[in-house]
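Novice: Coordinates for the following, if possible.
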Amino acid sequence: MKKIIALALLVVLGVTTSNAQETSKKIKATSSTPAKVNGAGMVFVTETIDYGTIAHNAEGRREFVFTNNGNKPLIITNAQGSCGCTVPTYPKEPIAPGAKGVIGVKYDTSRAGQAFTKTVTLTTNATVPNKTLTIKGNVLAAQPAKS
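Specialist: Predicted structure coming up:
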């Protein structure tokens, strides 16, 4: 009797482990492939860039990488920073379905000693036509010049 119960327990544990592994594989496969959309679409690697703590007058350029997950070319008609300290650049040519593109952002790091959170708003022909990206960080105070 003990052998039958032990055998049944091993079978149940084996099935549970097998199902957990299959579920894990399905989640990984789903999360690595962006969902396709009808029309143009944008899927970003990240929608927020954290500069962290950076030095006064440090290089303020960063990039948002995206993929057109639609079945039509993606056209970006405008990219607008939330203030003059955030200057975006964007591709002027259409992004083909499945192709990658880059939105460049330059933050003015001469604004020393303050934390910042700024946005870049994109206007596109995507199924969701407006997309807001965020940059944030903290610029260290300016160091006095050594004499």
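
Novice: quick one, helices of the chain?
Specialist: Assigned by DSSP state H, the helices in the chain fall at 2-32.

Novice: For it, spot the helix or strand the model is least confident about on average.
Specialist: helix 2-32 (a mean of 47; mean pLDDT, DSSP states H and E).

Novice: Okay, and the beta partners of the closest residue to residue 87 other than its chain neighbours?
Specialist: The shortest distance from residue 87 to any non-neighbouring residue, by Cβ to Cβ, 6 or more residues apart in numbering, is to residue 106 (4.7 Å). For every residue, glycine as well, the C-beta is placed using N, CA and C. Beta bridges link residue 106 to residue 61, residue 87, judged by DSSP bridges.

Novice: Distance of the residue most central in space within the chain relative to residue 56?
Specialist: The centre of the chain sits closest to residue 46, judged by Cα atoms, centre = their mean, with a distance of 0.9 Å. From residue 46 across to residue 56, the span is 25 Å (Cβ to Cβ, to the nearest Å).

Novice: One more: residue 106?
Specialist: Residue 106 is 15 Å from residue 56, by Cβ to Cβ.

Novice: With residue 94 instead?
Specialist: The value you get for residue 94 to residue 56, if Cβ to Cβ is used, is 39 Å.

Novice: Kindly report the same for residue 86.
Specialist: Per Cβ to Cβ, residue 86 is found 17 Å from residue 56.

Novice: if you count what's nearby, which of those two comes out ahead?
Specialist: The neighbour count for residue 86 versus residue 56, taken as other Cβ atoms under 10 Å, is higher for residue 86 (18 against 14).

Novice: residues in contact with that one?
Specialist: Applying Cβ atoms under 8 Å, 6 or more residues apart in numbering, we find residue 86 in contact with 105-108, 118-120, 135.

Novice: again, but for residue 36
Specialist: Applying Cβ under 8 Å, 6+ apart, we find residue 36 in contact with 69-71.

Novice: Of those, which is the most crowded?
Specialist: Most surrounded of the contacts of residue 36: other Cβ under 10 Å gives residue 70, at 23 neighbours.

Novice: I'd guessed it sits against residue 128; true?
Specialist: No. Counting by Cβ atoms under 8 Å, residue 70 stays clear of residue 128, with 10.7 Å between them.

Novice: which residues do those two both contact?
Specialist: Common contacts of residue 70 and residue 128 (Cβ under 8 Å, 6+ apart): residue 41.
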